[in-house]
Structure formats: C-alpha cells, structure tokens
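Student: Would you be able to build a 3D model of this:
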Amino acid sequence: MASTETTDPKAGASASAAASSSAEDRAGLGGLEAGLDALETSSAGRTPFRETFVNKILPPVLAIAVVLVVWQALVSFKIVDDPSKLPSPADVGGEFQDAWLEGKLLEYIWTSVSRGLLGFLLALAIGTPLGLIVARVKFVRAAIGPILSGLQSLPSVAWVPPAVIWLGLNNSMMYAVILLGAVPSIANGLVSGIDQVPPLFLRAGRTMGATGLKGARYIVMPAALPGYLGGLKQGWAFSWRSLMAAEIIASSPDLGIGLGALLENGRNASSMAMVFEAIILILFVGIAIDLLIFSPLERRVLRGRGLLVKG
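Tutor: Take a look at the predicted model:
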C-alpha cells in the first residue's frame with residue numbers, strides 16, 4: 001500500500017517566512033556589527049595634528065597668554081603700582097633666568113620632586129594593602145575606617161611640628177609628613193572603589209575559585225581600579241601639598257633648597273619675584289605629574305572599559 005505525503009501550503013509559507021526573517025535578522029546583525037567595526041576603526045585612527053593642536057595645545061596656550069596680558073596690564077597701567085606686591089612678568093622671568101644661569105633651577109625642582117615621588121611610592125605601598133584590609137574585613141573597617149576619614153580631612157601642615165619634634169630636621173621628617181597626608185587618601189580611594197564593585201563579580205569569582213589573595217588580585221582590584229586610581233590622584237595631591245608645607249615650615253641648610261624652601265626664602269627676603277617663581281614651579285610640577293602619569297593611566301583604564309574612544 002503506497003503512502004501519500006501531503007504538504008500543508010500554510011506550513012510551507014510559514015517556514016519560508018521564518019527562514020526569510022531569520023536571514024534578514026542575520027543580515028541586519030551583520031550590518032550592525034560591520035558598522036560598529038567601521039566606527040571603531042575610524043575612531044581608533046590617528047588624530048590629525050591640526051585637530052590635536054586646536055583641541056589640546058591651543059586652549060592652554062591662550063589661557064596662559066591671557067593671564068600674562070592681564071598681569072602685564074595691571075603693572076603697566078599702575079593698577080597695582082607697588083612692585084613689592086606685584087612684580088612684572090619680566091621681573092619674574094629674570095628670577096628664572098638667574099636661577100638657570102646659576103645652575104640652581106633644576107636643583108630646586110629635583111630636590112622636591114625626588115622627595116615627593118619617593119614619599120608617594122611609600123604611601124602607595126602602605127595605603128594599598130591597608131585599604132584592601134579595611135574594605136574586606138568588617139571589624140577593621142569599624143575600628144579604623146572613621147580614623148582614616150578623619151586623617152584625610154586633617155590639614156597636612158598640622159603634622160609638621162610633631163614630626164620635627166619626633167624625628168628632627170631631616171628627610172625622615174619629610175617622608176613622615178608625606179605618609180600621614182597621602183596614606184589615608186589612597187586607602188579611602190581603594191575602599192570607595194571596592195564598595196562600588198558589583199556583588200555579581202565577587203560571586204562569579206568565588207564560583208571559579210578566586211578567593212582570598214587570588215580573588216583580590218584577579219577580581220577585586222581590577223574591578224575597583226577606577227576608584228583606586230582616583231584615590232591615587234588624590235594621594236599624590238596630598239603628598240605634594242604635605243611636602244610643600246614641610247619644606248616651608250621646616251627649612252634647614254642640611255635639607256637642601258626645594259620649592260617650598262624657595263618660597264619661604266622669597267618671603268624672608270621680601271622678594272615677590274622669587275615668591276612668584278616658586279609658585280609657578282610648584283604649579284608646573286603638579287600639572288606635569290598629572291599629565292605625564294595620571295592622565296594616561298586614567299585614559300587607559302577608561303578605554304579598557306569602553307568608556308573612552310581612542311582617538
């Protein structure tokens with residue numbers, strides 16, 4: 001007995017429509033993926049120098065030019081006619097020239113920068129494990145968490161007199177002031193970053209066996225990196241400010257002349273040109289460290305999380 005196979009026309013039409021819809025969806029997804037790839041490729045291309053100049057170089061140059069013009073106008077039109085209160089840009093430039101010709105300019109900068117960077121590295125080595133312990137151990141957090149917040153709000157200059165009494169006028173006193181100013185900021189920044197880690201990440205890490213130190217290394221620290229980086233930037237700012245306060249208050253020939261000591265020497269000599277020289281150098285170092293170290297790190301972290309288009 002021969003069997004007859006019947007085909008439902010509606011079912012065939014439905015299957016054909018479904019196949020057509022699936023093909024269209026695949027084509028649409030493929031087009032979307034191709035468009036995103038093309039967008040990423042074009043965005044990742046090298047930025048023309050003209051665009052970089054207009055967007056990044058020209059604005060700060062114009063800002064500096066405006067400041068110099070206003071500064072010179074205040075002197076030229078005798079709005080501030082007392083040179084002991086506001087020297088001209090030329091007078092400040094003369095201070096820079098004299099320091100350069102005497103070979104002291106780079107010495108001023110290096111004395112402070114070397115202390116600041118070494119003190120910051122020490123604060124980093126102490127503040128990172130401290131912040132990790134505070135964030136992950138409830139008892140420790142309850143015990144010293146408020147103390148860290150209080151220390152962070154305490155002005156760094158307050159630590160200079162006791163540090164001088166305890167350690168004397170030496171580099172150890174400088175580093176102690178830097179540590180007391182920077183460690184709380186670094187630790188609190190890491191604690192804040194860890195608090196913002198989604199619990200799903202931690203559960204997924206435990207499922208894959210990433211617990212203890214392994215979990216901290218591969219799950220917690222990478223996930224908390226944006227907050228941690230913010231703490232590092234703030235820690236450097238506190239390090240630099242603490243160092244300047246220590247150099248201004250605790251000046252000694254044995255410590256050398258850093259930027260803070262240069263500022264204090266200008267005050268003692270009633271030389272506003274020297275004071276302005278020291279202020280400009282302090283600002284220059286702070287901006288240079290941010291542009292050379294922290295800004296590239298921040299861009300890399302944001303780019304790695306898809307929050308910043310390379311370009």
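Student: What's the mean pLDDT across stretch 60-72?
Tutor: Over the span of stretch 60-72, the pLDDT mean works out to 90.
Student: An error on my part: the question was meant for stretch 242-260.
Tutor: Taken as a whole, stretch 242-260 has an average pLDDT of 87.
Student: Which residues are in contact with W236?
Tutor: For W236, the set of contacting residues under the criterion of C-beta atoms under 8 Å, 6 or more residues apart in numbering consists of 116, 120, 182, 289-290, 294. Quick note: C-beta positions are derived from backbone N, CA and C, even for glycine.
Student: Would you mark the buried spots in the host helix or strand of it?
Tutor: Using DSSP states H and E, W236 falls within helix 225-249. With burial defined by 16 or more other C-beta atoms under 10 Å, the residues of helix 225-249 counted as buried are 225-248.
Student: Ok, stretch 127-140 next?
Tutor: Of the residues in stretch 127-140, those buried under the neighbour-count criterion (16+ other C-beta under 10 Å) are 127-128, 130-135.
Student: Where does pLDDT dip in the protein?
Tutor: When the per-residue scores of the chain are filtered using pLDDT under 70, the ranges that remain are 1-47, 307-311.
Student: Find the centremost residue of the protein, please.
Tutor: A centroid search over the chain (C-alpha atoms, centre = their mean) returns K233, at 3.4 Å, as the residue closest to the centre.
Student: hang on, the earlier thing: tell me which of the buried residues of stretch 127-140 fall in helices.
Tutor: Secondary structure defined by DSSP state H assigns 127-128, 130-135 of the buried residues of stretch 127-140 to helices.
Student: hang on, the earlier thing: share the number of residues neighbouring the closest residue to the residue nearest to the centre of the chain other than its chain neighbours, please.
Tutor: Spatial nearest neighbour of K233, chain neighbours left out: F294 (5.0 Å); criterion: C-beta to C-beta, 6 or more residues apart in numbering. Burial measure for F294: 16 neighbouring residues, criterion other C-beta atoms under 10 Å.
Student: I figured F294 hits Q234, correct?
Tutor: No. Contact between F294 and Q234 fails when scored by C-beta atoms under 8 Å: they sit 10.1 Å apart.
Student: OK, contacts around L118?
Tutor: Shown here is L118, whose contacts under the criterion C-beta under 8 Å, 6+ apart are Y175.
Student: What helix or strand is T111 located in?
Tutor: T111 belongs to helix 105-136 when elements are defined using DSSP H and E.
Student: between that helix and helix 225-249, how many degrees?
Tutor: Here helix 105-136 runs at 130 degrees with respect to helix 225-249, directions being taken by axes from the mean of the first three to the mean of the last three C-alpha atoms, to 10 degrees.
Student: which is the next helix or strand following helix 105-136?
Tutor: Proceeding N to C from helix 105-136, the next assigned helix or strand is helix 138-153, under DSSP H and E.
Student: ok now that next one, how far from the chain's centre?
Tutor: Its chain's C-alpha centre and that of helix 138-153 lie 23 Å apart, by C-alpha atoms, centre = their mean, to the nearest Å.
Student: okay, the angle between it and helix 225-249?
Tutor: Angle of helix 138-153 versus helix 225-249, following the same axes, to 10 degrees, is 50 degrees.
Student: can you state the direction angle for whatever helix or strand comes next after helix 138-153 and helix 225-249?
Tutor: Proceeding C-terminally, helix 138-153 gives way to helix 160-167 as the next helix or strand, assigned by DSSP H and E. Here helix 160-167 runs at 80 degrees with respect to helix 225-249, directions being taken by the same axes, to 10 degrees.
Student: outside of stretch 151-166, which residues touch it?
Tutor: So stretch 151-166 is contacted by 173, 176-177, 180-181, 183-185, 188, 238, 241-242, 245-246, 249-250 (C-beta under 8 Å, 6+ apart).
Student: Give me the distance between the two termini of it.
Tutor: Length of stretch 151-166, first residue to last, C-alpha to C-alpha, to the nearest Å: 19 Å.
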